[in-house]
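K.L.:
structure, please.
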Amino acid sequence: MTITYHKDVIQGDDAWHAMRCGLPTSSEMSLLITPTFKVADNDKTRQHLFELLAQRITGYVEPRYVSDDMLRGQADEIEALSLYEQNYSPIQKVGFITNDELGFTIGYSPDALVGDDGLVEVKSRRAKYQVQTIVEGVVPLEYMIQVQTGFLVSKRKWLDFVSYSGGLPMFVLRSYPMPIVQEAIVNAVTKFEERLALHLAAYTKASATLIPTERKIEQEMF
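P.N.:
Numbers count the residues shown, from 1 in each chain. This is a model prediction of the structure:
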């Protein structure tokens, strides 16, 4: 097993995108597994399969639209990590972590590391969701798969889930690995990789006699 910390890349830059190219990652693992921890097989799963397949074939990650919510989230993450460091513990930044123990590589981009054992995952939330999270006092289900994949990749012992919404109290909850959930993730991503391999073989055969083309810079605008 090899766990690699890529400390020299910055999340969102070209090197980071190149490192993630074609890999299943924690932030998109919920496309492969259902909220009840079953193997997902729906339109979003199939779209993601062909997205990663195209990345593996071309070595290229198509640019994505950056929404206002995403821009707000980037600013909120900086503020949340500053508050976390002031009130909890010093942090270290890392761009990307990879793990190849399953015979293929899974990636994870934590928002911060704490010492040798801890992780920090920050989520920028709308006010209604922040209030709900504070009242319920648990990691929201939509983030559980990402968090548990982070444990699976990094093998770290705990993660502080930080939910932030400006004007409301910052919510911090310590989470721990859940072996049953991680087993379900391993099953789902293994089956996903098997499907990718089959589709890559089909593509290689089908494209052998087709006319090749070259990507033009203008295509990146669409």
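K.L.:
every contact and neighbour count from this point should use C-alpha atoms.
P.N.:
OK.
K.L.:
and residue 45, helix, strand or coil?
P.N.:
helix (DSSP: H, G, I helix; E, B strand; the rest coil).
K.L.:
and the closest residue to it other than its chain neighbours, how far from residue 212?
P.N.:
Spatial nearest neighbour of residue 45, excluding adjacent residues (Cα to Cα, 6 or more residues apart in numbering): residue 31 at 5.3 Å. Distance, residue 31 to residue 212, using Cα to Cα, to the nearest Å: 31 Å.
K.L.:
which of those two has more residues huddled nearby?
P.N.:
Taking other Cα atoms under 10 Å, residue 31 and residue 212 do not tie; residue 31 has more neighbours (24 against 7).
K.L.:
which secondary element of this structure has the worst mean pLDDT?
P.N.:
Across the helices and strands of the chain, mean pLDDT, DSSP states H and E gives its lowest value to helix 68-87, namely a mean of 86.
K.L.:
for that helix, packing partners?
P.N.:
strand 118-124, strand 158-164 (3 or more Cα pairs under 8 Å, 6 or more residues apart in numbering; DSSP states H and E).
K.L.:
ok, back up a step: pretty sure the residue nearest to residue 45 contacts residue 49?
P.N.:
No. Residue 31 is not in contact with residue 49 according to Cα atoms under 8 Å; the separation is 9.4 Å.
K.L.:
so how far is the least confident helix or strand of the chain from its chain's centroid?
P.N.:
Remark: helix 68-87 is offset 17 Å from the chain centroid, using Cα atoms, centre = their mean, to the nearest Å.
K.L.:
report the buried residues of it.
P.N.:
Applying a neighbour-count criterion of 16 or more other Cα atoms under 10 Å, one finds 73, 76, 77, 80, 81, 84 buried in helix 68-87.
K.L.:
need those residues in JSON lines (columns: distance to residue 16).
P.N.:
Shown next, in JSON lines, are those (distance: Cα to Cα, whole Å):
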{"residue": "73", "distance to residue 16": "18"}
{"residue": "76", "distance to residue 16": "21"}
{"residue": "77", "distance to residue 16": "18"}
{"residue": "80", "distance to residue 16": "22"}
{"residue": "81", "distance to residue 16": "20"}
{"residue": "84", "distance to residue 16": "25"}
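K.L.:
hey, what's the residue nearest to residue 77 when sequence neighbours are not counted bridged with?
P.N.:
Closest residue to residue 77 apart from its sequence neighbours, by Cα to Cα, 6+ apart: residue 122 at 6.1 Å. When assigned by DSSP bridges, residue 122 has beta-bridge partners residue 162.
K.L.:
which ones are touching residue 122?
P.N.:
77, 80, 81, 111, 161, 162, 163, 164 (Cα atoms under 8 Å, 6 or more residues apart in numbering).
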